Each structure stands twice: as structure tokens, then as C-alpha cells.
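**Student:** sharing a model that was predicted from the sequence below.
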Amino acid sequence: MSTTINNNAHTETSPDPDNGYRKYSIGRFDFERDEYFARIKCPTGTHVVDIENFLRSMMRDVAWGFFYGWVNFDEVIGTVNHYGSVDLYMGTYNNAYREAGTNYEERFDSQNLLACFKSILKDWTNEGFDPFAAPLETGTARGPKNGNNDAAVDFQRELADRFVTLPGDSEMRTNERGFPVNRQFSDVDQEEPEVHPEPGFEGEIASFNLFKYLSRSPVTWNPSIVSIVKNSAYCPTSEEHILPIDHGNDRVEWFIQLSDEISWRVGDKDSGAPRAVVTMKAGDVSCMPADIRHKGFSPKRSMLLVWENLTPGLELRYSSGELPPVPAEF
Amino acid sequence: MDVKTIFASIDTHTKGGVEITGKDQASRYLFSNMFEVASNAQPWERIVIAKNLEFTIEVTRAEGISSWYTCAHDETALLMQGATEIHFIKPTDANYIPSDDKEGAVKLANEPAGERMGHIVASRGHLTLMPAGSAYQFRTSSLGVILIQSALGDESIEKWAEICQH
């Protein structure tokens, strides 16, 4: 794979006279949409995706800054994060494409590709459609151009520097801050812990109701950060319906199921070939090894604690084989 | 329609699991259930249920009053079952303060001398910060389960073969 970085910015057309949407190009990739589908073209072929699935996937890729490793929009297209640059690919992690030689990829400066994706999201997201929301909580992206929903696509996830509620750090989610309790967590206890600092220690001890915090998440499949211990980050999230992308791990991550249930379909990172189904119920704990991709299915809105190791350079230590893909053996 | 969010406990948990559908092994997922682990633990043992290089998530069965602990770095405690008080002291005796490079919790022989920092009363779902350099003690009146975000240290117990799906 070429590691030459394309530093050129994207280009975009004026709105299509028939459906109102702009077309975008970056490198040798072209993006266009119609009333139902996104169409991605590269020198080796065309890939067609349901527009709502495409926008949900692209929303996560943008919000997460290309995340850790692979963000497979589906079995054909996606991105690989190299932390400063990003590969955009078609078929590179699909055996059939590779065997046919129809895979194609280009490496872009991260900021340029991010700007391209943000522009696409803003233009292609219609009023009433929130790509972060569960399907039962939003309208449709289908049809001709109909306004926009910048408030939704500009949503910023909350990232604590050390611990939520410490002075100057992330705040608790409340009605006043625009975070009402979600319909599927209306039974979650909203009582806060009692914090009794002695004089002089105000702001040094802290505690908050994490379940209340999660019950007020307005989005799905979008981890926040609530506590950092050195490079250990608690990244809890609320999940409903289907994780729009298949996340390919470039490092080990862990899932702790705090409530309800999620099933994970696990495949081989490079080929997508099925490997396992991991069903997690409340209290279950499972690692996601560094050599797999995974996609989650949550039949009811659930609370998931994603646990990440933020140590810089881990992706290289795993890809070089210095670290095994599994964090413990027995 | 009534909403029912399911939180589990030692008495009510049901466990999922790993089903292999291709070339893989269930043991690679280090799959366990925190309540099952706690149900088989001694009070205040810290059993590692998740590990990522030097970092850990440890589950502890909270029952009665714990020893005093301290740690050179921050830790957090997420109460998954029960209720607890967490009391904090700023130790003044240097012997009770671990060196900066010491990882994981250190159990103290007794309550350290120092300034009282305060206490927290927490119940299920509450996440508490145990700040670096403080000493802390859990006090519970009923059976609890606590997840501790920490690093591998003297108190960490690894027994993957006993707790994980094979």
C-alpha cells in the first residue's frame, strides 16, 4: 500500500439542479448522493450504500476523529487512522476485492479528509434527520435536499481531562444543560452521591452518578470520557439499535456491560470473515482483541463502558507484533 | 409501555458468552461476569477482570469495612451493587505515601495519621475519584460490588483461568 500522503483539499460542486445535493471529490475518490443512496467512485469501481447508513457511519468517523484503527462503513469502504494521516479505501479489507485486484486506497492528510467528510455530512443531512440518533428517535435522510441539521452533525462528545465534576473539567449532564433523561432510561435513579469535603479539600474529592449521566446521553454509539487514570480512559456510552460501523481494532479495548444487553458480531480484521458472536449481559466483561473487527446490536438502549488505553504509539506496537493481540493468556 | 433497564447483581445476574463462528477461540475474549467473580471472592480482594498493559479494572466484593489503601496515581470506584461510604485522609507520614512510580493500590497496615479530606456516600451507579496520594477506606453495611479503575499492583489478583470462559 502506498504511504504517500495526498495533501490536496477536497473539491465540491454547486448543488445538483435536480436533487439539490453537492458532489465531492478528494484524491481519486468521488462522492455523490441521490434520494436513497450514496455513491462512492474510485478508479477500480463504484460502491453504493443506503444514504442513512452512510451518514450514520460517516458521523461516527468524523466525531471520533477517525477513531482507533479501522472504521469500516460496511464490508467495502472505510478509513484507517494513522494519527496524522488517514487511509480511505474501497475493498482493501475484503477478500473478494483483493483477490480480484479491485481494491483501491489513498492516504490523506487527516485534516483534509476530515474537512471533506464534514462538508459532505452538512450538505447531505436533511432537516429532521440526526445521524447520531437511534432510528426510532429521528426522521429520514431520504428524499431531495431539505434544509440541514447542523446542530446534530456538529455535536461534540464530552471528554473529561481527569474526572467529571472536578472544577474546570466536564460537567454533569442536567436538564439545564440540555440533557433530559432519554425515554428508554426513564426508570434510572437520578440521585447524586453525597460529597462531603472537609474545609480546604473542596474540589479534591469528587463523585457523580454515572448511570444518571448515561441516561441523559442524547446520542448513541458515541463514547464520552468521564475519568482518566494516567492513560487509562473510561469511555462510557449509550447504545441502541446497530453500531453503524464495523470497528477494526488497532489495539486491545475492553467492554463492560453496565446495563441490558448487546450482541457483538466479530470478524477478522483484514478479511471480515466471521470469527465469533459475543453476547454481553449486565455485568459481563469482554476484551476485543487487537486483530478483530466488531459490530454491536443493542435491542434496547443500554449502557456500555468502553475502556481504552490512550498510550501513544500503541498501534505501532501491535502492528509490529511487539504486543500480542490478546492482553492475557491462560 | 413501561421501561425496564436491567442492572444486575450477585443474586440476579445472568451471563452471556462467546460463540465461535469461525477461526477463533473463546478464551481470547477473556469473557467473565463481574458479579459472578465477586460472588466467589473474599471481601476486598481485588480481582483483575480487565487488563490493558499496566492498567486494570479490578472487581472487589465490598463487605463490612475495608483496610485503608493509598495509591500514587488516581483511581476510581464504580459502585455496581449496594452502597458505601468512602473516607479520605491526606497522610502526613511519608511512610504512608508511595513513590511516584509505584503503580496500583497499596494496602496500609492501619489508619494513617493525617488530615481528614472528607467522605462520600455512594450507591449503585456512582463513580468516585480516589485522588492520587490520598488514603481511603470503604465502609459498607450491606453486600456490594465495586469496579476499581487502577493499575496492576501489589493488591491485584489475576486468575483468568478461574473467571473466564474457556
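**Tutor:** The structure has been received and is ready for your questions.

**Student:** what is the subsequent helix or strand relative to the helix or strand hosting residue A:294?
**Tutor:** Per DSSP states H and E: residue A:294 is located in strand A:292-309. Following strand A:292-309 in sequence order, the next helix or strand is helix A:314-319 (DSSP H and E).

**Student:** can you point out the buried residues in the strand holding residue A:294?
**Tutor:** Buried residues in strand A:292-309, counted by 16 or more other Cβ atoms under 10 Å in any protein chain shown: A:292-298, A:300-309. From N, CA and C alone the C-beta is placed, and that goes for glycine too.

**Student:** from these, which are also near chain B?
**Tutor:** Among these, the residues lying close to chain B (Cβ under 8 Å from any Cβ of the partner chain) are A:300, A:303, A:305, A:307, A:308, A:309.

**Student:** so which pair among the residues you listed is furthest apart in space?
**Tutor:** The most widely separated members of those, counting by Cβ to Cβ, are A:300 and A:309 (29.2 Å).

**Student:** look up phi and psi at the residue of the stretch 201-330 of chain A found nearest chain B.
**Tutor:** Closest contact between the stretch 201-330 of chain A and chain B, by Cβ to the nearest Cβ, is at residue A:211 (3.1 Å). Backbone torsions of residue A:211, given as degrees, to the nearest 10, read phi -70, psi -40.

**Student:** ok, for it, nearest residue in space, not its chain neighbours?
**Tutor:** residue B:125 (3.1 Å; Cβ to Cβ, 6 or more residues apart in numbering or on different chains).

**Student:** show me the contacts for the one you found.
**Tutor:** A:188, A:189, A:209, A:210, A:211, A:212, B:7, B:78, B:79, B:80 (Cβ atoms under 8 Å, 6 or more residues apart in numbering or on different chains).

**Student:** among the residues you listed, which ones are buried?
**Tutor:** A:188, A:209, A:210, A:211, A:212, B:7, B:78, B:79, B:80.

**Student:** find me the pLDDT at the third one, would you?
**Tutor:** Which is residue A:210. In this prediction, residue A:210 carries a pLDDT score of 98.

**Student:** residue A:172 is in contact with residue A:206, isn't it?
**Tutor:** No - using Cβ atoms under 8 Å, residue A:172 is not in contact with residue A:206, being 10.5 Å away.

**Student:** joint contacts of the two?
**Tutor:** What both residue A:172 and residue A:206 touch, as defined by Cβ under 8 Å, 6+ apart, is the set A:164, A:165.

**Student:** where does chain B get nearest to chain A, which residue?
**Tutor:** residue B:125 (3.1 Å).

**Student:** from residue A:93, how far out is that residue?
**Tutor:** From residue B:125 across to residue A:93, the span is 38 Å (Cβ to Cβ, to the nearest Å).

**Student:** same check on residue A:327?
**Tutor:** According to Cβ to Cβ, residue A:327 stands 23 Å off from residue A:93.

**Student:** who has more neighbours out of those two?
**Tutor:** residue A:93 (26 against 22; other Cβ atoms under 10 Å in any protein chain shown).

**Student:** give the contact list for the more buried one.
**Tutor:** Neighbouring residues of residue A:93 by Cβ under 8 Å, 6+ apart: A:70, A:72, A:78, A:248, A:269, A:270, A:271, A:272.

**Student:** among these, which lie within strands?
**Tutor:** Judged by DSSP state E, the contacts of residue A:93 include A:70, A:72, A:78, A:248 as members of strands.

**Student:** so the last one sits right up against residue A:72, yeah?
**Tutor:** Yes - using Cβ under 8 Å, residue A:248 is in contact with residue A:72, at 6.0 Å.

**Student:** and residue A:47, what helix or strand is that in?
**Tutor:** Using DSSP H and E, residue A:47 maps to strand A:45-50.

**Student:** what packs against that strand?
**Tutor:** Applying 3 or more Cβ pairs under 8 Å, 6 or more residues apart in numbering or on different chains; DSSP states H and E, one finds that strand A:45-50 contacts strand A:37-42.

**Student:** pLDDT (mean, whole number) over the strand it packs on?
**Tutor:** On average, strand A:37-42 scores 98.

**Student:** what does stretch A:284-301 give?
**Tutor:** Predicted confidence along stretch A:284-301 averages 98 (mean pLDDT).

**Student:** chain center to it: distance?
**Tutor:** Stretch A:284-301 sits 13 Å away from the centroid of its parent chain (Cα atoms, centre = their mean, to the nearest Å).

**Student:** how about residue A:76, nearest residue that isn't a chain neighbour?
**Tutor:** residue A:47 (5.0 Å).

**Student:** residue B:57 now?
**Tutor:** In space, residue B:57 is closest to residue B:50, 4.0 Å off (Cβ to Cβ, 6+ apart).

**Student:** ok, residue A:153 next?
**Tutor:** Spatial nearest neighbour of residue A:153, chain neighbours left out: residue A:121 (4.6 Å); criterion: Cβ to Cβ, 6+ apart.
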